[in-house]
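Colleague: predicted model and sequence below, questions to follow.
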Amino acid sequence: MITVFGEGRGFRVVWLLEEMGLPYRLRDVDLMAGVENDPEFLAINPAGFIPALQDGEITMVESIAIMEYLIARYGPTPLAPALRDAAFSLYQQFLHLGEAGLMGFLFMVFADNVLAPEDERHSWTGNYALELFESRRGLVARRLATSPYMAGEAFTAADISVTYALEFATRNAGVTLNDAEQAYVARTSARVGYARAMDRRSQDYAMNKVTINTFRAGLKPDTQMTVDALRDIITSSHDGLVESLKWNGPSFSHNGEHRFTLGLTRSAAVQVVILRGAKAKDVTNFAFDDTAGLARWPAKDRGVLIFENVAEVSSKSDALRLLFHEWIKATI
């Protein structure tokens, strides 16, 4: 049985497995609880990052390498053009561009804007990484001007690679997709394989008993108090909010769309991300006024708040409750 360790870029692997119809197990890796407490995972990947794959005696890391391995071992598949196919060179280029040219720079932007200490954000390095991402993004735009998919007329694994990067860009790096990119992501994410990958991920996390309480149990007492204070404020801000676990942290949805997600920064501060849902949406006619200036807004429809301690949350509780309430009203 193939086992995929970890979410994040591991979603590419899960999506590919669903497209190929291969049986597998998805095994959660709780990075926030510390991989040093997960000897089973460290035996697979001693470096401690995700995703990783185990297939019998074979273990691998790096999402694109794993995808190429699965295609080579369990193919042939229409998801990868044959070597002598005219589309092969484009397929190879964009399969790797999705990680090396897009995601690699995007994660640096995300780290600079969100994970870095407040006084070290928006650095020259982060801005340069964004410039490099945008230059590579231009190659995607050129392809979409002439073809519906990266390798031509047919969907391939290259589209899995690029779609993941574009979705990450909108969720975590403050990037707004243009019309062609939005239409492209809508096409690729409408596939049955994508939906199955999303559903399977939720099912496996439930089977692994990854719950809100297990998330809380892995936190230090002070951090747990901060998280709980924020959960209480969000829950009381609007009727109909449903709490679940998504992206390895508490998330609150309204009418099936995720609106607020909680997580930890590298400095162990608690982060709240304000969003309109898991998928990118058109922001042309969307506007929201954070009158109190509580959040940082890397995109028109994505805000970020950072809290170092529960006292900071308590001092802003009324203003936060109003912010969360107004966000739900604006996004219904």
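Modeller: Nice, thanks for sending it over.
Colleague: going forward, measure contacts and count neighbours with C-alpha atoms only.
Modeller: Noted.
Colleague: phi, psi of L305?
Modeller: Torsion angles at L305 (phi, psi; degrees, to the nearest 10) stand at phi -120, psi 140.
Colleague: and the pLDDT at it?
Modeller: L305 carries a pLDDT value of 94.
Colleague: could you shift the numbering so residue one becomes 853, and keep it that way?
Modeller: Okay, residue one is now 853; in that scheme the one you just asked about reads as L1157.
Colleague: hey, where'd the strands end up in the stretch 1003-1152 of the chain?
Modeller: Assignment of strands within the stretch 1003-1152 of the chain using DSSP state E, counting those that start in this stretch yields the ranges 1094-1098, 1101-1106, 1109-1116, 1122-1126, 1148-1151.
Colleague: R861: which of these is closest?
Modeller: Closest approach to R861 among those is made by strand 1094-1098 (14.6 Å; C-alpha to C-alpha).
Colleague: mind listing what's buried along the closest one?
Modeller: 1095, 1097-1098 (16 or more other C-alpha atoms under 10 Å).
Colleague: what sits against S1169?
Modeller: Residues near S1169 by C-alpha atoms under 8 Å, 6 or more residues apart in numbering: I1085.
Colleague: can you give me the distance of it to H1106?
Modeller: As defined by C-alpha to C-alpha, to the nearest Å, S1169 lies at a distance of 21 Å from H1106.
Colleague: do L868 as well
Modeller: 29 Å.
Colleague: likewise for V1122?
Modeller: 22 Å.
Colleague: then F962?
Modeller: In terms of C-alpha to C-alpha, F962 sits 26 Å off from H1106.
Colleague: packing partners for the helix or strand where Y921 lies?
Modeller: Assessed by DSSP states H and E, Y921 sits inside helix 915-926. In terms of contacts (3 or more C-alpha pairs under 8 Å, 6 or more residues apart in numbering; DSSP states H and E), helix 915-926 is packed against helix 862-872.
Colleague: name the residues that touch the helix it packs on?
Modeller: Outside helix 862-872, the residues within contact range by C-alpha under 8 Å, 6+ apart are 856, 875-876, 878, 902-904, 915, 918-919, 929, 1009, 1012-1013, 1016, 1044-1046, 1048-1049.
Colleague: quick one: buried ones out of those?
Modeller: Counted by 16+ other C-alpha under 10 Å, the contacts of helix 862-872 give 856, 878, 902-904, 915, 918-919, 1009, 1012-1013, 1016, 1045-1046, 1048-1049 as buried.
Colleague: which strand or helix spans L1172?
Modeller: Using DSSP H and E, L1172 falls in helix 1169-1183.
Colleague: quick one: the helices in the stretch 953-1102 of the chain?
Modeller: Here the stretch 953-1102 of the chain has its helices, by DSSP state H, counting those that start in this stretch, at 956-962, 976-996, 1009-1024, 1031-1041, 1044-1059, 1064-1069, 1073-1089.
Colleague: please work out which of those helices is packed deepest.
Modeller: Most buried of these, by mean neighbour count (mean count of other C-alpha atoms under 10 Å): helix 1009-1024, with a mean of 24.
Colleague: tell me the confidence at A1058?
Modeller: pLDDT, A1058: 52.
Colleague: point to the residue nearest the middle of the protein.
Modeller: By C-alpha atoms, centre = their mean, the chain has its centre lying nearest to F1020, at 5.1 Å.
Colleague: got a list of what it touches?
Modeller: Residues counted as contacts of F1020 (C-alpha under 8 Å, 6+ apart) are 955, 958.
Colleague: what about it, distance to L1029?
Modeller: Taking C-alpha to C-alpha, one finds F1020 at 11 Å from L1029.
Colleague: and I1180, by the same measure?
Modeller: In terms of C-alpha to C-alpha, I1180 sits 23 Å off from L1029.
Colleague: and R879, its phi and psi?
Modeller: When read as degrees, to the nearest 10, the backbone of R879 gives phi -110, psi 120.
Colleague: now I1158
Modeller: Dihedral angles (degrees, to the nearest 10) for I1158: phi -120, psi 130.
Colleague: bridging residues for it?
Modeller: Taking DSSP bridges as the rule, I1158 bridges to Q1123.
Colleague: please report the distance of it from A1035.
Modeller: In terms of C-alpha to C-alpha, I1158 sits 32 Å off from A1035.
Colleague: pretty sure V881 contacts N889?
Modeller: No - assessed by C-alpha atoms under 8 Å, V881 is found out of contact with N889, at 10.2 Å.
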